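S.K.: From the sequence below, what's the structure:
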Amino acid sequence: MTTVNCISENRDDVYSVRFNRIVGALMLAGALLIASCGKDDDPASGDGPDPEPDPTVEEPVNRALGWNKSDEDMSKYPKEISFKFTSSGSGTTLPYSVDLTAKLPPVGDQGAYGTCVAWSVAYGMRSYLDAASFSLTAQQLADPAYQYSPADLWMAASEKGADCGGSNFEPMFDVLVNRGITTLKNAPYSNLNCGGSPQQTWTTDAASRKILNYRMIAEADLTVENLKTHLAQGQIISFGARLGDNFMAWTGSGVLSSETYNQPNMQHAYHAIILAGYDDTKGANGAFLVYNSWGNSWGNQGKIWVDYKFFIENFVFIAFVATADPNVNPNDNNEIDPNNLTSGADLAAYHAYDLGGNFGYSYNRQVYFNIYNSGTQPISSASRYSIVYMYYNAFDANDYGILTHLYITDEVTRGSINFFGDIGIQLPEGYAGYAVNKDIPTGTNIANAFFGNNYEYLYINYYLKPITGYYYFVVMADPFNALPEANEQNNMFFIADPNGYPYYIYNGVPQSGTRASAQPGNGTFGRIDNSQNIAPAHSLTPKNRNAYSPAEISALIRDRKASGDLEKRIAEFDKNQPKPEIGAK
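M.R.: Residues are numbered from 1 along each chain as shown. Next comes the predicted model:
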């Protein structure tokens, strides 16, 4: 009888410290493997006993696996933003089949090591990202110089099982984001040194081979339609699955549609692999194409078709997508040079902090911020653009809320600042907050334009509802792209700690220990008076490269506006809200 031995360690800082634990090797024999089973750890889950063994299933054989599913903290991965209402969503007609294996290297073999996560993430996903980006040929993909090394990734990962005894996804993906990995030509997989460190030459080469970020597909989005949409858009998926004897011994081109999870004396365990395609005509329900790391002698030349229904209900447990483009500057702090203005109109968000206290009525917080016209052209209220202050969950940006909103428009009295509830008319956007009819001269900030000269901040009172979790706060200038700008990369200012980490908010109150001091001279500053205060920084920093990027948050807001969800959120925020104070200082 084979058992899984787990060793776990407690972690105090769930964001900045890794969550993975060391787990013993998962080397399966043809005996019972005792482990957690079922998506909800329900031993009754699955398709039940398979009364007639599939003719393509041979006798169980030993296979190396290596995904330590029981220790994977799935709640702490940034989740992919669900784009369901725009052209990037799932509303388009999908082809009946997609096969991305032409952009994957030849099927590899992890051998006797529990390194499947490194194979899925490095050899599979990372190699594919380059192949798709640079249109690599089959001949190039067969060359180790174009294949990414699971050996380098394994040795560079901070946490993993002893003697190549398995790992989680997080330490592997974090290496891709922060260090990068080298190729199989530089770091061969033969004679793997399980406890060793990568050579310095590997690390040097890896520095130019990072990815931009990775995102976990939310459990609610693990649907046939959504996975097919990703594949149809050319996105390869690295995922963790629960295996049984049928999968272990599979040969041929048939469709896997059931497993031996509940049969006596049968084995099951967890494995990391690649989702590389689909075909609506395969089997009874259609099937997904899975690319494995057990060599060509397994399955159908190293691949297997898995029934849609079985895949979603019993097979897949966690799935990831990644972005290859490394062209991001985590040190962009929206610095303003009044002597070097951008040609045309340009709104730049800068200078922000958030203060807790009692500000009358139900308002428990006050945001201070400013927006600068760093362009050579004045910005007219006829442009009808917005400035939004919002929060979003650091691990799931789909959890977001609007805190206040300024609508700069010529639809109200010239020179006026109007609370929506006082106007008595319905503005086209339907948003509350303030409607302002004032122009922003070139080289001037909105605090000065709204209230006169020599003001450093605009401030607005607001109510933060009793949210709990890790959150970023962000000031967004022109989130709906109403204003043509020379530079839209500086439209957002994130409020976070100086390392770029989010604040832990409990029941609407930032918690002690999540404070940060100002960082003079780096383009951001704020002040800290007590544990209720939130200080500013950029969310994307060298220490936190996998945070949601400004482009992702901008896309989220535009998508939710197109769907009507944003207006609904703002309406919820505005319901029965008294007039908040607005001013400058």
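S.K.: Nearest residue to residue 400 in space, please, no chain neighbours.
M.R.: residue 392 (4.0 Å; Cβ to Cβ, 6 or more residues apart in numbering). In this view, the C-beta of every residue, glycine as well, is placed from N, C-alpha and C.
S.K.: For the one you found, list each beta-bridge partner.
M.R.: residue 400, residue 472 (DSSP bridges).
S.K.: please renumber so the chain begins at 23
M.R.: With the count now opening at 23, the last piece we talked about shows up as residue 414.
S.K.: quick one, what contacts it?
M.R.: The contact partners of residue 414, taken as Cβ atoms under 8 Å, 6 or more residues apart in numbering, are 421-423, 493-494, 496, 570, 575, 578.
S.K.: now swap in residue 249 and tell me
M.R.: Contacts of residue 249 (Cβ under 8 Å, 6+ apart): 239, 259, 297, 300, 310, 341.
S.K.: Format those residues as TSV; extra columns: distance to residue 270.
M.R.: Formatted as TSV, those follow (distance: Cβ to Cβ, whole Å):
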residue	distance to residue 270
239	25
259	22
297	19
300	23
310	18
341	21
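S.K.: Strands - which of these land there?
M.R.: Counting by DSSP state E, the contacts of residue 249 place 259, 297, 300, 310, 341 in strands.
S.K.: The third one contacts residue 253, doesn't it?
M.R.: I take that to be residue 300. Yes: using Cβ atoms under 8 Å, residue 300 is in contact with residue 253, at 5.8 Å.
S.K.: Name the residues contacting each of the two.
M.R.: residue 120.
S.K.: Of the contacts of residue 249, which is the most crowded?
M.R.: residue 310 (29 neighbours; other Cβ atoms under 10 Å).
S.K.: just checking, it touches residue 326?
M.R.: No: counting by Cβ under 8 Å, residue 310 does not reach residue 326; the two are 9.2 Å apart.
S.K.: I'd guess residue 216 is in a helix, am I close?
M.R.: No: assessed by DSSP: H, G, I helix; E, B strand; the rest coil, residue 216 does not belong to a helix; its assignment is coil.
S.K.: Can you name the residues that contact it?
M.R.: Shown in contact with residue 216 (Cβ under 8 Å, 6+ apart): 135, 176, 184-187.
S.K.: wait, which of these is closest to residue 271?
M.R.: residue 135 (20.0 Å; Cβ to Cβ).
S.K.: Neighbours of the nearest residue to residue 303 once chain neighbours are set aside, how many?
M.R.: Spatial nearest neighbour of residue 303, chain neighbours left out: residue 118 (6.6 Å); criterion: Cβ to Cβ, 6+ apart. For residue 118, the neighbour count with other Cβ under 10 Å is 11.
S.K.: Please apply the same query to residue 157.
M.R.: Residue 157, neighbours per other Cβ under 10 Å, totals 9.
S.K.: Give me the pLDDT for it.
M.R.: What the model reports as pLDDT for residue 157 is 94.
S.K.: residues in contact with it?
M.R.: Going by Cβ under 8 Å, 6+ apart, the list of residues near residue 157 is empty.
S.K.: thinking again about what came up before, now rank the contacts of residue 414 by neighbours and give me the top one.
M.R.: residue 496 (28 neighbours).
S.K.: how close does that residue sit to residue 127?
M.R.: 39 Å (Cβ to Cβ, to the nearest Å).
S.K.: which of the contacts of residue 249 lies closest to residue 269?
M.R.: residue 310 (12.9 Å).
S.K.: how much space is there between the closest one and residue 321?
M.R.: For residue 310 relative to residue 321 (Cβ to Cβ), the value is 13 Å.
S.K.: Equivalent analysis for residue 505, please.
M.R.: From residue 505 to residue 321 the distance is 54 Å (Cβ to Cβ).
S.K.: Of the two, give the one with the bigger neighbour count.
M.R.: residue 321 (24 against 20).
S.K.: Let's see the longest helix along the chain as PDB, backbone CA atoms only.
M.R.: The residue-count maximum for a helix in the chain (DSSP state H) belongs to helix 572-585. Taking Å, rounded to 0.1, in the frame of the first residue of the first chain, the C-alpha atoms of helix 572-585 are listed here in PDB:
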ATOM      1  CA  PRO A 572      -2.600  48.800 -15.100                       C
ATOM      2  CA  ALA A 573      -3.700  47.400 -18.500                       C
ATOM      3  CA  GLU A 574      -5.600  44.600 -16.900                       C
ATOM      4  CA  ILE A 575      -7.500  46.900 -14.500                       C
ATOM      5  CA  SER A 576      -8.300  49.300 -17.300                       C
ATOM      6  CA  ALA A 577      -9.600  46.400 -19.400                       C
ATOM      7  CA  LEU A 578     -11.700  45.300 -16.400                       C
ATOM      8  CA  ILE A 579     -13.300  48.700 -16.100                       C
ATOM      9  CA  ARG A 580     -14.000  49.100 -19.800                       C
ATOM     10  CA  ASP A 581     -15.500  45.600 -19.900                       C
ATOM     11  CA  ARG A 582     -17.700  46.100 -16.900                       C
ATOM     12  CA  LYS A 583     -18.900  49.500 -18.400                       C
ATOM     13  CA  ALA A 584     -19.900  47.700 -21.700                       C
ATOM     14  CA  SER A 585     -21.800  45.100 -19.700                       C
END
